[in-house]
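1. mind folding the following:
(2 chains)
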Amino acid sequence: MAAVEFRNVNIEFGAAQVVKDLNLRVEDGEFVVLVGPSGCGKSTILRSVAGLVGIASGDLLSDGARMNDKEPANRDVAMVFQSYALYPHMTVYKNLSFGLRIRKEPTAEIDRKVREVAELVGLTAHLQKRPAAMSGGQRQRVALARAILRHPGVFLFDEPLSNLDAEFRSSMRSELVRFHRRLKTSMIYVTHDQTEAMTMGDRIAVLAPLTEGRQTNLMQYATPDEIYHRPANLFVARFIGSPRMNVFTCKVEKGQAVFGTQRIDLPPAARGLAKVALGQRPEHLHIIEGDAAAGVTGTLEHFENLGHEYIGQLASDAGPITLRRAETISVAQIGATFGVMLDPGRLHFFDPATELRINQP
Amino acid sequence: MSLLSKDRRSLGLAYAILTLAAFASIFPILWIIGISLKTQVDAFAMPPKWLFTPIWDNYAKVWATSGFVKAFFNSVWVSLASNLLAFAIGIPAAYALNRRHVPGRAVILAWLLLSYMLPEFLYVIPVYGVFQQIGLYDNVFGLALIYQAFTLPFTIWMMRAFFAEVPYALTEAAMLEGAGKWRILWTIYVPIAAPGIAATAILNTIKIWNELAIALGLTFDKAQTITLAVAGFRGYASIDWGAMSAAAIIEILPMLAFAVLAQRQIVGGLSVGAVK
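-> Purely as a prediction, here's the structure:
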C-alpha cells in the first residue's frame, strides 16, 4: 500500500518537454485514472512511477519517500502493459514464476503462490500453455496475475484493455474494479477511453498535450461526477462526454449572453466580459418545434439512431450543434429545421480568453 | 490478349531462366560426382561416358588418407570453437548495440560492416608473423581465434537484427521484476532469438567450412582444414582427380545436410527485418 505524489515534476525527452509542472497526489488505496488524447504524457507519467522514464526535475514521492533515483525493481510497483509483455517462450506458469524465481523464493512456495493466483484469475487450466496459444483476454489475465504476485504498493496499468474486443473490454472493466475493491491497493490506470475513465476511477486526472503555452499537462483532477458536471475548463468540457459538449461563443450585452434571440443571465464574474463561452451537453438542449420563439434555428444535417438514443447534428448560425435524445424526435428528416434553445439551468460558463470555468455564485 | 495469359507467359519465362541458372550451378557438382565415381580412364574419356558402372574406390581411398580425416575433424572443431567464441562476444555486443543510447553506435556498426568486407588475405600476413611468435601458427585454436574475428561482425549484425524484434516491453517487465541485464539477455533475448542464433551459426559455419585463404596462410600440417586437404590431392607431378573429386563431395555433404535441415531458419534469418 502506498500513496504516490508528484511535486512539480517535469519530464523531457531530449529537447522536447513532455510533462510540465505536474502536481498530483494519489491517496493510499485510491484508483486514479489518467486520461487524455495521445501526446498528453499520460503513459510517460505512469512509466515515470515505474522508473522506466527519468524525471528531469521535481520530486516523485511514495509514502513521503523520494523515489526519483530508485531502481524500477525497488519501487514496490507492478505494471500491466498494453501489449501484456508476456515472455513468449515461457509457459504461463514460467511467466508467473519468473519474478519469484529471481527473488529466489523456495520452489514449494513459488508453486503455492502461482497456483493460488492462477485460481484467483481463473487460469488454473492454462498454466502449461504458452501465451501464443491463448486469447487476448486470457493473456490479459496472465499479465494481471503476474502483477498481483508482486504484492505491490501500487498497480500501474498502461491501457490494458485497448487490445481487447468491445464486449470483453466492458466485462474486464468491472472485473478490475471489483478486484480493486477487494485488494484496496493504490492503482494508477492510463487510458484514452473516457468510458473507462468515468466508470473505473475514484478520481480522474484529465491531461492535455503541452501546446501553446500551457503551464501544465494537468487540466483537472477530480471525481468523475465533478469532471462531468463541473469541468474546470474548455479542454475538459470538450474531452469528457460523448457526444462532446456544445460550446457557443456568444456576445455579452447588458450582462446577458446573446444566443440568437435568447438572452441568458450570466454569473456576476462573466458580466463584464465582451464574450463568453457557453457549454451545454447535447442531452440538455431544448428543441422547439413549430414557430414558437427559439434561440437559434437549426437544420438537421445528419442523425444516428442507436436504438436507445438518438444523436442529431444540426447546422445553425451559432455553428454546428449536437443533440441527444433518449427517444426519436418526431422530425427526424434530413433538412428539417427547428428551433434550439439553451437550458439556462444546465449551462457551463467559460471565459473564452483563459478557457477557465466561471462559477455560479 | 488477356491479362492471365500474359501472366502465364512471364511465369513460363521465369521458370525457364531459373531452370537454366539451376542447371548452370548444379552441373559442375554433378560432373564432380561423376568423376569421383569413375576410373581415371573413364573420367577423361572423350566423348564423355554418360553410362558407367560406379566405383567407390576413390571414396575409400580418400577416407583412408589420414591427413584428410584429420583435416575433416579439424574443420569440425574449428567451426565449433569459432562459433562459440563469436557468439560469446557477439551476443552481448549485439544486445548492447541494440539500445539506441549507445554513443557512437552507428559508427561502430559501420566499422564492423567494413571489417567484414575486407579481404581475408589482409588478416593472413600480419597474423602470420604474430602467430609464429606466440606459437599459434599451425594450431587449431589459433585458427579458431582468427575465424572468430572473421565472423564476429556478421554475428553481431545478425544478432542485433534478431534482438531488435524482441519487444522492449519484455525488458521493462523483467526489470520491474528485478531481473538484471545479464539475466534479461540470457533468459529472454537469447531464447526468443534462438532460431536466429541457429541461422547465424549455420551461415557462419558454412563460411568457415569453405574458407581457404586464411587456413592456407596460417596452417602447415597439424591444423590443416578440409579445404586444404581437398587441394592436397594435387601432387607434384600429377593430380589425382578421382580422389580430389571424392574429397570435394565429402566436403560438401555436411554443409548440404545442414542447409537441408535448417532451410527454414536460414531463409528466416536472411529475411529478418524484411517484413513488418
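
2. what residues does the stretch 101-250 of chain B put near chain A?
-> Proximity of the stretch 101-250 of chain B to chain A, by CB under 8 Å from any CB of the partner chain, involves residues B:167, B:169-170, B:172-179, B:183, B:187-188, B:191-192, B:194. Every C-beta, even on glycine, is put in place using the N, C-alpha and C of the backbone.

3. buried ones only from those, please, as a PyMOL command.
-> Command for PyMOL that selects the buried part of these, burial taken from 16 or more other CB atoms under 10 Å in any protein chain shown:
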select buried, chain B and resi 169+170+172+173+174+175+176+177+178+179+187+188+192
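
4. contacting residues for B:Pro119?
-> Contact analysis of B:Pro119 by CB atoms under 8 Å, 6 or more residues apart in numbering or on different chains lists B:Ala213.

5. and it, how far is that from chain A?
-> Distance from B:Pro119 to chain A, counting by CB to the nearest CB, to the nearest Å: 40 Å.

6. now do the contacts for the residue of the stretch 201-350 of chain A found nearest chain B.
-> Relative to chain B, the nearest point of the stretch 201-350 of chain A is A:Leu207 (21.3 Å; CB to the nearest CB). Neighbouring residues of A:Leu207 by CB under 8 Å, 6+ apart: A:34-36, A:40-42, A:45, A:217-219.

7. ditto for B:Val102
-> Residues counted as contacts of B:Val102 (CB under 8 Å, 6+ apart) are B:96, B:108.

8. before we move on, the earlier item: quick check, nearest of the contacts of A:Leu207 to B:Gly104?
-> A:Gly41 (30.5 Å; CB to CB).

9. surely A:Leu234 and A:Ile358 touch.
-> No: counting by CB atoms under 8 Å, A:Leu234 does not reach A:Ile358; the two are 11.2 Å apart.

10. return every residue with contacts to both of those two.
-> Joint contacts of A:Leu234 and A:Ile358 (CB under 8 Å, 6+ apart) are A:Phe350.

11. name the residue in those two with the higher neighbour count.
-> Under the neighbour definition other CB atoms under 10 Å in any protein chain shown, A:Leu234 and A:Ile358 were set side by side, and A:Leu234 has more, 21 against 18.

12. so, low pLDDT: which residues of the stretch 251-361 of chain A?
-> The model of the stretch 251-361 of chain A has pLDDT under 70 over residues A:290-293, A:328-332.

13. coming back round to it: in strands, which of the residues of the stretch 101-250 of chain B next to chain A appear?
-> Applying DSSP state E to these, no entry is found in strands.

14. so which of the residues of the stretch 101-250 of chain B next to chain A belong to helices?
-> B:169-170, B:172-176, B:183, B:191-192, B:194 (DSSP state H).

15. spatially nearest residue to the residue of the stretch 201-350 of chain A closest to chain B (excluding sequence neighbours)?
-> Using CB to CB, 6 or more residues apart in numbering or on different chains and skipping the chain neighbours, the partner closest in space to A:Leu207 is A:Gly36 (3.5 Å).

16. what about that neighbour, neighbour count?
-> 26.

17. so who does A:Val154 touch?
-> Going by CB under 8 Å, 6+ apart, A:Val154 touches A:2, A:4, A:26, A:49, A:62, A:76-78, A:185-188.

18. out of those, which touch chain B?
-> Contacts with chain B within these, counted by CB under 8 Å from any CB: A:77-78.

19. need the max-distance pair from the contacts of A:Val154.
-> Across these (CB to CB), the longest gap, 14.9 Å, separates A:Val26 and A:Ala78.

20. A:Val247 versus the residue of the stretch 201-350 of chain A closest to chain B, what's the distance?
-> 20 Å (CB to CB, to the nearest Å).

21. same check, this time on A:Arg173
-> Going from A:Arg173 to A:Val247 by CB to CB gives 29 Å.

22. spit out the contact partners of A:Gly136.
-> A:163-165, A:168.

23. tell me how many other residues crowd B:Tyr137.
-> A count of nearby residues for B:Tyr137, using other CB under 10 Å, gives 20.

24. could you confirm it falls within a helix?
-> No: with DSSP: H, G, I helix; E, B strand; the rest coil as the criterion, B:Tyr137 is located in coil rather than a helix.

25. next, the contact list for it, please.
-> Contacts of B:Tyr137 (CB under 8 Å, 6+ apart): B:128, B:131, B:218-220.

26. in strands only, show me these.
-> Those of these lying in strands (DSSP E): none at all.

27. could those be laid out in JSON lines, adding neighbour count?
-> Listed next are the contacts of B:Tyr137 as JSON lines, based on neighbours: other CB atoms under 10 Å in any protein chain shown:
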{"residue": "B:Tyr128", "neighbour count": "14"}
{"residue": "B:Phe131", "neighbour count": "21"}
{"residue": "B:Leu218", "neighbour count": "24"}
{"residue": "B:Thr219", "neighbour count": "22"}
{"residue": "B:Phe220", "neighbour count": "11"}
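
28. hang on, the earlier thing: widest-spaced pair of the ones in helices among the residues of the stretch 101-250 of chain B next to chain A?
-> B:Leu176 and B:Ala194 (24.2 Å).

29. so which strand or helix has B:Arg8?
-> Applying DSSP states H and E as the criterion places B:Arg8 in helix B:3-36.

30. for that helix, buried residues please.
-> B:32-36.

31. ok now stretch B:35-54, how far from the chain's centre?
-> Centroid displacement of stretch B:35-54 relative to its chain, using CA atoms, centre = their mean, to the nearest Å, is 31 Å.

32. who's in contact with that stretch?
-> B:34, B:55-59, B:241-242, B:245-246, B:248-249.

33. would you put the C-alpha positions of stretch B:207-219 in PDB?
-> Extracted in PDB, the C-alpha atoms of stretch B:207-219 (Å, rounded to 0.1, in the frame of the first residue of the first chain):
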ATOM      1  CA  LYS B 207      31.600 -19.600 -44.300                       C
ATOM      2  CA  ILE B 208      34.300 -21.100 -42.100                       C
ATOM      3  CA  TRP B 209      34.000 -24.600 -43.600                       C
ATOM      4  CA  ASN B 210      34.600 -23.300 -47.100                       C
ATOM      5  CA  GLU B 211      37.400 -20.800 -46.100                       C
ATOM      6  CA  LEU B 212      40.700 -21.400 -47.900                       C
ATOM      7  CA  ALA B 213      42.900 -18.300 -47.800                       C
ATOM      8  CA  ILE B 214      43.300 -17.900 -44.000                       C
ATOM      9  CA  ALA B 215      43.800 -21.600 -43.500                       C
ATOM     10  CA  LEU B 216      46.400 -21.700 -46.200                       C
ATOM     11  CA  GLY B 217      48.400 -18.900 -44.600                       C
ATOM     12  CA  LEU B 218      48.200 -19.900 -41.000                       C
ATOM     13  CA  THR B 219      48.500 -23.700 -41.100                       C
END
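
34. show me which residues of chain A are close to chain B?
-> A:50, A:52, A:72-73, A:77-79, A:81-83, A:85, A:87-89, A:98-99, A:102-103, A:146, A:150.

35. can you tell me which of those are buried?
-> By 16+ other CB under 10 Å, the residues of chain A next to chain B give A:50, A:52, A:72-73, A:77-79, A:81-83, A:85, A:87, A:89, A:98-99, A:102, A:146, A:150 as buried.

36. thinking A:Gly51 is in contact with A:Met67, fair?
-> Yes: checked against CB under 8 Å, the pair A:Gly51 and A:Met67 is within contact range at 7.5 Å.

37. pull up the overlap in contacts between the two.
-> Joint contacts of A:Gly51 and A:Met67 (CB under 8 Å, 6+ apart) are A:Arg75.

38. circling back: nearest to chain B among the contacts of A:Leu207?
-> A:Ile45 (15.4 Å).

39. confirm the closest one sits in a helix?
-> Yes: A:Ile45: assigned to a helix according to three-state DSSP.
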